[in-house]
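Student: here is the input, now give the coordinates:
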Amino acid sequence: MIRFVKPSLLTLGLSLGVCMGSAQAQDDVKIGFIVKKPEQAWFINEQKAATQLGEEKGFSVVRLAGEDGQQVLSAIDNLHSQGAQGFVICPPDVRLGPAIVNRAERYGMKVITVDDRFLGPGGEPIESVPHLGMSGYKIGQQVGKAIAAEMKARGWDPKSVAALRITNYELPTAKERTDGATQALLESGFVKANIFDAPQQNTDTSSAFAAASPVFSKHGNFDHWVIYALNEESVLGGVRASEQYGLSPDQVIGVGINGSGAAFAEFSRKNPTGFYGTMAVSSTMHGRQTADNLYTWITTGDKPKANTETTGTLMTRENWQEVRDDLGL
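Tutor: Next up, the predicted model:
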């Protein structure tokens, strides 16, 4: 004889607990967002956008700084202690990739890179770590083409113009961008011998200013200058150095990369400066997309594709508010 037993309250409670537990697993998702320069507008926007997405989707974002290798590893330890399941990172040095991956694997955490991609021991990208960023070389080419177009509009002879190339060859992304800009300028008729390097120790305005000032003093025979670099903060440092040297805005064409508060402030000045424009990329999109990719990977197991590249839009004094609105900056 078969006996039918009514489910007890305990059984129902256990079943309900299992269901609630599985839903809670999704609700309790916590991720980290580690950036190398937390004071720069670009990274502020990224972290803010990731946090806002978390509020919309029901996961939490821990915003941390990772300005050197030790601080990055400490940040990962911190995230592990808080129960985070993964993190997005823009590393201070792409060569730290293997060490960061090893630490994450030790804790069973998922990793996505943004802006700067991890490199392995042989200098090749670590394909196992999903990445979202710009094609450094292509966006550099956009910078060079924008400079060449403005030179033509002003009637400058490329053979009598000097270029200030503010460089940071320790960072592959920086080299790709300035290499791309250089190639586009050369293709437009620029003279290679008229391109002068200003190696910077950091990637901010003050470092670029210090690097650029001696270059203007050394090559004072040029009346017209163009300036390009890794980002707009560095280009602004070059522009400030040109002003100190005595060059007027109509003698300088500086084009940066990013599209952040630094550019907005420059475009908002009453009078134009030598900072002509910047290739704007949506830092907001970078923050939201990488956070969303990581959340989806954690909750569904769907790993993002290895490499996603974005492009830039030329932002100038004339169109910056429109471009800012279009890109959600």
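
Student: got a list of what the residue nearest to the spatial centre of the chain touches?
Tutor: Residue closest to the average C-alpha location in the chain (CA atoms, centre = their mean): Asp115, at 4.0 Å. With contacts defined as CB atoms under 8 Å, 6 or more residues apart in numbering, Asp115 is in contact with Cys90, Gly133, Met134, Thr173, His286. For every residue, glycine as well, the C-beta is placed using N, CA and C.

Student: swap the cut-off to 6 Å and go again
Tutor: Asp115 is in contact with Cys90, Gly133, counting by CB atoms under 6 Å, 6 or more residues apart in numbering.

Student: read off the pLDDT value for it.
Tutor: Here, the pLDDT recorded for Asp115 equals 93.

Student: how about the helices of the stretch 151-300 of the chain, start to end?
Tutor: Taking DSSP state H, counting those that start in this stretch as the test, the helices found in the stretch 151-300 of the chain are 172-187, 205-218, 232-245, 261-267, 283-300.

Student: what are the pairing partners of the next helix or strand after the last one, and which direction each?
Tutor: The reference is to helix 283-300. Next helix or strand after helix 283-300 toward the C-terminus (DSSP states H and E): strand 307-310. Using DSSP bridges, strand 307-310 pairs in its sheet with strand 131-134 (parallel).

Student: ok now the strand it pairs with, how far from the chain's centre?
Tutor: Distance of strand 131-134 from its chain centroid, counting by CA atoms, centre = their mean, to the nearest Å, is 8 Å.

Student: which residue packs closest to Thr316, ignoring adjacent ones?
Tutor: Leaving aside its chain neighbours, Thr316 sits nearest to Gly277 (4.1 Å; criterion: CB to CB, 6 or more residues apart in numbering).

Student: tell me the contacts of the one you found?
Tutor: Neighbouring residues of Gly277 by CB under 6 Å, 6+ apart: Val255, Leu314, Met315, Thr316.

Student: can you say which of these are buried?
Tutor: Neighbour counting by 16 or more other CB atoms under 10 Å classes Val255, Leu314, Met315, Thr316 among these as buried.

Student: save those residues as CSV, and put in secondary structure and distance to Ser213 too.
Tutor: Converted to CSV, the buried ones among the contacts of Gly277 look like this (DSSP: H, G, I helix; E, B strand; the rest coil; distance: CB to CB, whole Å):
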residue, secondary structure, distance to Ser213
Val255, strand, 20
Leu314, strand, 27
Met315, strand, 26
Thr316, strand, 26
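
Student: of those, closest to Val61?
Tutor: Using CB to CB, the shortest approach to Val61 within the buried ones among the contacts of Gly277 belongs to Met315, at 27.4 Å.

Student: hmm, Glu322 and the closest one touching each other?
Tutor: No: between Met315 and Glu322 there is no contact, the gap being 8.8 Å when judged by CB atoms under 6 Å.

Student: please identify the helix or strand for Val143.
Tutor: Here Val143 sits within helix 136-154, counting by DSSP H and E.

Student: that helix - contacts with which helices or strands?
Tutor: Packing contacts for helix 136-154, counted by 3 or more CB pairs under 6 Å, 6 or more residues apart in numbering; DSSP states H and E, involve helix 172-187, strand 252-258, strand 275-280.

Student: which residues of the chain score low on pLDDT?
Tutor: Residue ranges of the chain with pLDDT under 70: 1-27.

Student: kindly recompute the last result at 50.
Tutor: Within the chain, the stretches with pLDDT under 50 are 1-25.

Student: re the thing from before, so which of the helices of the stretch 151-300 of the chain is the most packed in?
Tutor: Across the helices of the stretch 151-300 of the chain, the average number of neighbours (mean count of other CB atoms under 10 Å) peaks for helix 232-245, which reaches a mean of 25.
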